[in-house]
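**Student:** have a look at this fold, sequence not included:
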């Protein structure tokens, strides 16, 4: 099983990015995908997830109405669209796969390597 996160980079405040998580070795029909982030000196935070069965979505309050999670099952890829970015969104962003949708780290069995998002003027 592999999860490959990409799409991070430098964005200005108010800008947008799209992160991708390409999943291999398991099906999005069977596993929920979560997005987490970790800023320097802070704990890893669960920010969004999408369920395997009906594609239900969940967002943490810190990103609600600014980030959007989606998936393309044909490409076995999950996206996280980041908009209205703020400097406090700067972090290493990870995707993870697990049997149930959750923003809890322990719920996930497989993790990608992370992609850096930096928001700065």
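**Tutor:** Thanks, I have the structure now. All of these numbers come straight from a predicted model, not from anything done at the bench.
**Student:** how much space separates residue 30 from residue 96?
**Tutor:** Applying CB to CB, to the nearest Å, the value for residue 30 to residue 96 is 14 Å. From N, CA and C alone the C-beta is placed, and that goes for glycine too.
**Student:** can you give me the buried ones in stretch 79-92?
**Tutor:** Judged by neighbour count using 16 or more other CB atoms under 10 Å, the buried positions of stretch 79-92 are 79, 80, 82, 85, 89, 90, 91, 92.
**Student:** closest one to residue 113 out of these, please.
**Tutor:** The closest of those to residue 113 turns out to be residue 92 (CB to CB; 9.3 Å).
**Student:** the residue lying closest to that closest one once chain neighbours are set aside: neighbour count?
**Tutor:** Ranked by CB to CB, 6 or more residues apart in numbering and with sequence neighbours excluded, the top spatial neighbour of residue 92 is residue 114, at 4.4 Å. Look at residue 114: counted by other CB atoms under 10 Å, it has 17 neighbours.
**Student:** residues touching residue 69, list them.
**Tutor:** 33, 35, 48, 49, 50, 57, 59, 78, 79, 80, 81 (CB atoms under 8 Å, 6 or more residues apart in numbering).
**Student:** possible to save the residues you listed as JSON lines with secondary structure?
**Tutor:** As requested, the contacts of residue 69 are exported to JSON lines (DSSP: H, G, I helix; E, B strand; the rest coil):
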{"residue": "33", "secondary structure": "strand"}
{"residue": "35", "secondary structure": "strand"}
{"residue": "48", "secondary structure": "strand"}
{"residue": "49", "secondary structure": "strand"}
{"residue": "50", "secondary structure": "strand"}
{"residue": "57", "secondary structure": "strand"}
{"residue": "59", "secondary structure": "strand"}
{"residue": "78", "secondary structure": "strand"}
{"residue": "79", "secondary structure": "strand"}
{"residue": "80", "secondary structure": "strand"}
{"residue": "81", "secondary structure": "strand"}
